[in-house]
Every structure is written in C-alpha cells, then in structure tokens.
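Undergrad: Prediction below, plus the sequence it came from.
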Amino acid sequence: MVPVSLQSNNAFKAILMMTLATGCSSAMNVIIRHLTFSLHPAEIVFFRCLFGFLVLLPVFYRYGFVPLKTKRMKLHVGRAMLQLGGMFSNALALKFATVAKVTAIKFSGPLFAVLLAVVFLGERIRIRRIAATLFGFAGVMVIIRPGYVGLDTGAMLALTSAAAWATIAIAVKVLSRTESSLTITLYMALLGTPVALFFALPFWQTPDWAQLAWMLLLGGLGSLGHFCFAEAFRHGDVSIVSPFEFLKLIWVALLGYIALGEVPVIWTWLGGGMIFISTAYIGYRERTKKIDEGNDE
C-alpha cells in the first residue's frame, strides 16, 4: 500500500507537470497566432516539423536505422499526412480566430475520437457516453453560435483540426499495437518535414532572425510540453490529471491578452466549459470501466 504522503507528493508532481504542459501548449498557440500576421501558416508548419526533426537526429546516432523497421508503412504515411493537415488547420484557424476560441473548440477532439472509435475500432458506446458526447457538441455550438454570428472560417478550421486530431489518435492507437512510440515519432518527422516544405514553397518568405527565434522557441516549447505531459501521466492517474487540461483556456486567456490584446467572450468560456465537462466525464467513465473489468478478472 502506498503511503498517503507519497500519494500526495505524486499527485502534486502530476498537477505541476500538467500545469506546465498546458502552459507550453498555450504559449505555442499564441506564438503561432503572432507569426501568422507575417508568415504563411504553411511555412510555420514546415519550420515546426523541421525543428522537431532536428531534435530527433541524435536518435540515429545512438540506434542507427533500427527504429525505422516497420511493416505498416502505409499507415505511417497516412498518419503523417493527417498530422500535417491537423497542424495546418490549427495554424490557419489561429490566423482567423482568437487563441481562446480555437483552444476551446479543439477541446472537442476527444468527442470526435469517441465517434471514430465506434466506427473504426468497433468500440461499444452506451447511453451515458452518448449523452456526454452530445452535451460536448452542444458546447461547440455555444461557442460558434451558427445562425447568430455565422459559422466563421476560424471556427470551421478549428473543428477540422479537432477532427484530424481524433483521427490521428485512432491511427496511433492502431500503430501502437505493433510499433514503438519512437518509431511512430520518427516516421512523422521523416515523412512530414519534406511534405511540409513542398506545401510551404509557394508561400515562401525568408524569415528574419526574430521570426526564426520565435519558431525555435516554438520547437523548444513543443518538446518541453510533450515531456511535461508524459511526466504528468506518469506521476498521476488520468482522473487526477485530465481535469487540469482546462487550464489551457485560462493560459490562453492570460497570454492572449498580454501578447495580443485578445479578450475571450463569455460564450467561449461557457462552451469551453461544457466541452471540458463532457470529455472529462467520458475519460472518467473509461477509467472506471477499466477498473471494473480488472476487478472482474
């Protein structure tokens, strides 16, 4: 039995790591929004992929080409293209909509994942998860308010990015049955970087030193955010860590106001809260279901 003091210490570490992870993610979106005023989103996506690839180069020095062995190349290619599409949709959404609005809408990613898991993985969905999913999508409608303010470009692109994220999650889940996390990450970098360059070339504008510095910071925050995210789930249960995902909306509200002068409207907070409650409940139900199944064995 784990001592209470140790449990509390682990929970504190998990919450701290998740707070840092959401801060990194939010700062990345604010930087992307800032860069879209002077650079095309396709070029921003390319540099994000490039710096991500450069970070992975030491892997080849240590392991050679062994991590590239795979029997699922087609799925790797499909996943990489989906990832690029999701990254581009997110960057383009941030060009047309506030950071808070895009972040709130993208909370709907797990809702799309639930639907896709039913279709492609054959997972069963019961009435309470159906109700939670519908409640979450109602939150999306609260944010975008179709028919009242019009379904704007930024909202549509954010929804596209969320749907792409959900499809990527399904693809990664299938890949992870036979592939290591390192192999999946390497193929994304290897396949994504040259394709991103191809789409960036028609809009190419040589970045100045300040823009390059921002994109280097973008890459650094991405790596730090992934590390903190993994550490959060290593030290704490999903039920403890997941609710702190909503901190993203608070981070982007603060950073968006300081850096860009953006103030989220009440509908963004209300809809974002509804989506978060929905996804948190689905995550909670998934955890309790696994615990029940484990007790039955």
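TA: Structure's in. What do you need?

Undergrad: what are the phi and psi values for Arg72?
TA: phi -130, psi 50 (degrees, to the nearest 10).

Undergrad: Just to check, it is in contact with Thr178?
TA: Yes. Applying CB atoms under 8 Å as the test, Arg72 and Thr178 come out as touching, 6.5 Å apart. Any C-beta I mention is one placed from the backbone N, CA and C, and that applies to glycine too.

Undergrad: So for those two, which sits in the more crowded spot?
TA: When Arg72 and Thr178 are compared on other CB atoms under 10 Å, the one with more neighbours turns out to be Arg72, at 18 against 11.

Undergrad: That one and Ala196: what is the separation?
TA: 22 Å (CB to CB, to the nearest Å).

Undergrad: in the chain, what secondary structure element scores lowest on mean pLDDT?
TA: Ranked by mean pLDDT, DSSP states H and E, the helix or strand of the chain with the weakest confidence is helix 238-241, at a mean of 61.

Undergrad: Please pull up the helix or strand immediately following it.
TA: helix 247-260 (DSSP states H and E).

Undergrad: Which residues does that following helix contact?
TA: 18-19, 22-23, 25-27, 29-30, 33-34, 98-100, 103-104, 107, 262-264, 268-269, 272, 276 (CB atoms under 8 Å, 6 or more residues apart in numbering).

Undergrad: Run through the stretch 51-200 of the chain and note the low-pLDDT ranges.
TA: 110, 120-121, 123, 125, 145-151 (pLDDT under 70).

Undergrad: how about the helices in it?
TA: 73-96, 99-106, 109-120, 127-144, 153-175, 181-200 (DSSP state H, counting those that start in this stretch).

Undergrad: Can you tell me which of the ones you listed is packed in deepest?
TA: Highest mean neighbour count of the helices of the stretch 51-200 of the chain: helix 99-106, a mean of 28 (counted as mean count of other CB atoms under 10 Å).

Undergrad: on contacts alone, who are the packing partners of it?
TA: Helix 99-106 is packed against helix 4-35, helix 73-96, helix 127-144, helix 153-175, helix 247-260, helix 266-296, with contacts defined by 3 or more CB pairs under 8 Å, 6 or more residues apart in numbering; DSSP states H and E.

Undergrad: how about these in JSON lines, adding distance to Ala213?
TA: Formatted as JSON lines, those follow (distance: least, CB to CB, whole Å):
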{"stretch": "helix 4-35", "distance to Ala213": "10"}
{"stretch": "helix 73-96", "distance to Ala213": "18"}
{"stretch": "helix 127-144", "distance to Ala213": "33"}
{"stretch": "helix 153-175", "distance to Ala213": "25"}
{"stretch": "helix 247-260", "distance to Ala213": "15"}
{"stretch": "helix 266-296", "distance to Ala213": "30"}
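
Undergrad: Fine by me, we can end here.
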